[in-house]
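Student: I would like to see how this sequence folds:
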Amino acid sequence: MATIIEEDFVVRNLKGTDVFEFGCSPGKFTDRIKVDYNVTAIDLYDPEYKDGYKFIKGDILDSDIDDKFDSVVCLSSLEHCGIESLNYLPGNKEDLSTLTPIVKKLTSLIKEGGRLVITAPFGDSNIYYVDKDGNNGTADEIELPAWGFRTFRLEEILNMFKDLTPKLFEIYGNVGGDYFDPAYWVPISARDYVLYDNKHRGIICCVLKKETKEMDVTYEGGYKRNLFGDGISWENHVDEIVGVIENPYYGASGAGTFEDAKDYIKTDTPLEERKALDCGCHIGRFIEAVRAYGFDYTGVDQSAKALEAAKKAKPDGTWVESLLWDLPFKEEFDFAFTNAVLQHNKLAEQEKIVPKIYDSLKPGGVFLITESTEPATTETQRTHKGWIDMVESFGFKLIKTSHINPKGLEDKYIFLKEK
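Tutor: Residues are numbered from 1 along each chain as shown. The predicted structure is shown next:
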């Protein structure tokens, strides 16, 4: 059952008139919002409150719902998907594969310009079980589970709903009192996920938007790039970008490779002291995605205007104004990355930037680049092999790469600075 903090978050962030609620039972919250919205709700089990809205009993994957909604709500429900929540029988197994099609189905129900509002347990990405006496623990600790739930990190939710744009998130931790008393919940950081589990409870609340088709520009070959992507000056569009995206964490879902890249770090730095360098950070859209993995974040950009917006949004971040070929660091970071940054510099400039990033990393550090690729070298673009050869020429060793399509609009490369 959801806390009042979660319910109030959802109420504050509902938009439009038509609302779909996934996993509504016992229906108390549905009863609350039906006064102001046209509500359709679904659950495997009958709710206590049924009047005043459209209720569908059954599995969403077996339903024939094809309507579109202004807001889709997952109020403390996604964590139970694939884990029997009632009538749990000894020997039952979680069907975790159901989560992916459910995410796809929920996304399909959102109108263009509509939103998903989701709340869920925050924490260490594990599955826990609860017996009928209220005891909870791992599968080894709970002999006769009655229901189960999982905890999520921010990055997991962003990756699951990668087709949606992050707009807002709030994360809270319980300080040891009544779970349902809002007085015992305090705001916490996404990087604190390691501190929260089935005993030390956390809550994550997110708003994600389904963008309209007008947000894309189609290029030759049928590939699409974001409105504020290739060939458009970020410096001249800071105000417009912040206005469109509502907050500077737009695009954080593009940081999914952080999960992979961090596993290759070989520095001697303790996990809790690792530092990450965002090269070409602009308005700091990746700060929380980086912090979610426990890194201390530093963002560097040449645009004073962009950094002003970043500082306003995240005053606790470390922001440095500098050209990338003038980076002032010497073996300070465990992890560095560029995301669609090098490709906006001429080839000769790229060859001044990469050695500076190399110098900024500690031995054993990892450099992740996500850049677009062309079939042939241009003034600013390289081929897939061209990126690898250039970066390796300055001492890095390629560890892993992906080549998405002929134009390689999302190519990723993980390099190691060997000890």
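Student: Show me the shaky parts of the protein.
Tutor: Within the chain, the stretches with pLDDT under 70 are 84-97, 191, 213-257, 259, 403-410.
Student: Let's check: the centremost residue of the chain is which one?
Tutor: By Cα atoms, centre = their mean, the chain has its centre lying nearest to Leu158, at 2.6 Å.
Student: tell me what the host helix or strand of that residue is packed against?
Tutor: In this structure, Leu158 sits in helix 154-160 according to DSSP states H and E. With contacts taken as 3 or more Cβ pairs under 8 Å, 6 or more residues apart in numbering; DSSP states H and E, helix 154-160 sits against helix 99-108, strand 110-122, strand 165-174, strand 202-209, helix 258-261, helix 287-291. For the C-beta atoms, the positions are set from N, CA and C on the backbone; glycine is no exception.
Student: orientation of the longest one relative to helix 99-108 in degrees?
Tutor: In other words, strand 110-122. Using axes from the mean of the first three to the mean of the last three Cα atoms, to 10 degrees, the direction of strand 110-122 lies 140 degrees away from that of helix 99-108.
Student: Could you pull out the buried residues of strand 110-122?
Tutor: Neighbour-count burial for strand 110-122 flags Ile110, Lys111, Gly114, Arg115, Leu116, Val117, Ile118, Thr119, Ala120, Pro121, Phe122 (criterion: 16 or more other Cβ atoms under 10 Å).
Student: quick one, what contacts the second one?
Tutor: This means Lys111. Gly16, Asp18, Lys68, Phe69, Asp70, Lys210 (Cβ atoms under 8 Å, 6 or more residues apart in numbering).
Student: hmm, try it at 6 Å
Tutor: Going by Cβ atoms under 6 Å, 6 or more residues apart in numbering, Lys111 touches Lys68, Asp70.
Student: got the residue ranges for the helices in the stretch 251-400 of the chain?
Tutor: Taking DSSP state H, counting those that start in this stretch as the test, the helices found in the stretch 251-400 of the chain are 258-261, 287-291, 304-313, 347-360, 384-392.
Student: Please identify the most buried of the ones you listed.
Tutor: Most buried of those, by mean neighbour count (mean count of other Cβ atoms under 10 Å): helix 287-291, with a mean of 26.
Student: shouldn't Gly177 be in contact with Val186?
Tutor: No. The criterion here is Cβ atoms under 6 Å, and Gly177 misses it with Val186 at 10.6 Å.
Student: distance of Ile399 from Arg285?
Tutor: Per Cβ to Cβ, to the nearest Å, Ile399 is found 25 Å from Arg285.
Student: what about these two, which has more around it?
Tutor: Remark: of Ile399 and Arg285, Arg285 carries more neighbours, 25 against 16, as counted by other Cβ atoms under 10 Å.
Student: Specify which member of the buried residues of strand 110-122 is nearest to Glu374.
Tutor: Proximity of the buried residues of strand 110-122 to Glu374 (Cβ to Cβ) peaks at Ile110, which lies at 34.0 Å.
Student: Any idea what the closest one is bridged to?
Tutor: Phe69 (DSSP bridges).
Student: Let me know whether it touches Val72 as I believe.
Tutor: Yes. When contacts are counted by Cβ under 6 Å, Ile110 is listed as touching Val72 (5.2 Å).
Student: coming back round to it: now tabulate the helices of the stretch 251-400 of the chain in JSON lines and tack on distance to Asp62.
Tutor: Putting those into JSON lines (distance: least, Cβ to Cβ, whole Å) gives the following:
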{"stretch": "helix 258-261", "distance to Asp62": "32"}
{"stretch": "helix 287-291", "distance to Asp62": "34"}
{"stretch": "helix 304-313", "distance to Asp62": "42"}
{"stretch": "helix 347-360", "distance to Asp62": "51"}
{"stretch": "helix 384-392", "distance to Asp62": "43"}
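Student: Which one of these lies nearest to Ala2?
Tutor: helix 287-291 (22.9 Å).
Student: for the helices of the stretch 251-400 of the chain, which one sits closest to Pro182?
Tutor: helix 287-291 (23.2 Å).
Student: For that closest one, name the packing helices and strands.
Tutor: strand 296-301 (3 or more Cβ pairs under 6 Å, 6 or more residues apart in numbering; DSSP states H and E).
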